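Asks: Sharing a model prediction with you, sequence too.
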Amino acid sequence: MSMRELPATECQALLGSGDPPQFLDVREPWEVETAAVSGALNIPMGQVPTRLGELDKARPIIVMCHHGRRSAQVGMLLERNGFAEVINLTGGIAAWSDDVDPSVPQY
């Protein structure tokens, strides 16, 4: 299965479902301090390869960054490491702020 790209509104719907996917934020800590989405696990992109054990390969996972480029790279890494269902949040937290939660600051 190849990585899906979904807009923020569809990711929000999945996260609000009865069996929500894991939600991984791969931005740096200073970025998360600036703007965060509640419930997301923050593992900075550079640490993901050494912290794969913190993620459940059997569950779908949504990956998010600032605009969607870093999360797409991490998504490919996850797929190469046996994660069955990887979803990239198109447009990242910027799109989340625009389309889902305007209280999340833009930066």
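Replies: Good, I have the coordinates.
Asks: Would you mind measuring from Thr9 to Ile43?
Replies: 24 Å (Cβ to Cβ, to the nearest Å). In short, each C-beta sits where N, CA and C put it, glycine included.
Asks: Give me the more crowded residue out of the two.
Replies: Ile43 (20 against 11; other Cβ atoms under 10 Å).
Asks: now that one: how far from Arg80?
Replies: Going from Ile43 to Arg80 by Cβ to Cβ gives 16 Å.
Asks: repeat for Arg27
Replies: Taking Cβ to Cβ, one finds Arg27 at 21 Å from Arg80.
Asks: And the two? Which one has more around it.
Replies: Ranked by neighbour count (other Cβ under 10 Å), Arg27 and Arg80 place Arg27 first, with 23 against 8.
Asks: Pull the contacting residues for the spatially most central residue of the chain.
Replies: Centroid-nearest residue in the chain, with Cα atoms, centre = their mean: Val63, separated by 2.1 Å. Contact partners of Val63, counting by Cβ atoms under 8 Å, 6 or more residues apart in numbering, are 24, 26, 71-72, 74-75, 78, 86-89.
Asks: what about His67, neighbour count?
Replies: Number of residues near His67 (other Cβ under 10 Å) recorded here: 15.
Asks: unless I'm mixing things up, it is touching Leu89, no?
Replies: No - the criterion here is Cβ atoms under 8 Å, and His67 misses it with Leu89 at 9.9 Å.
Asks: Give me the common contacts of these two.
Replies: Joint contacts of His67 and Leu89 (Cβ under 8 Å, 6+ apart) are Ala95.
Asks: can you pull out the helices in the chain?
Replies: Assigned by DSSP state H, the helices in the chain fall at 8-15, 29-34, 69-80, 92-99.
Asks: Dump these to CSV, plus distance to Gly53.
Replies: Formatted as CSV, the helices of the chain follow (distance: least, Cβ to Cβ, whole Å):
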stretch, distance to Gly53
helix 8-15, 23
helix 29-34, 20
helix 69-80, 13
helix 92-99, 25
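Asks: Please identify which of those is closest to Asp56.
Replies: Among the helices of the chain, helix 69-80 comes nearest to Asp56, with 11.2 Å by Cβ to Cβ.
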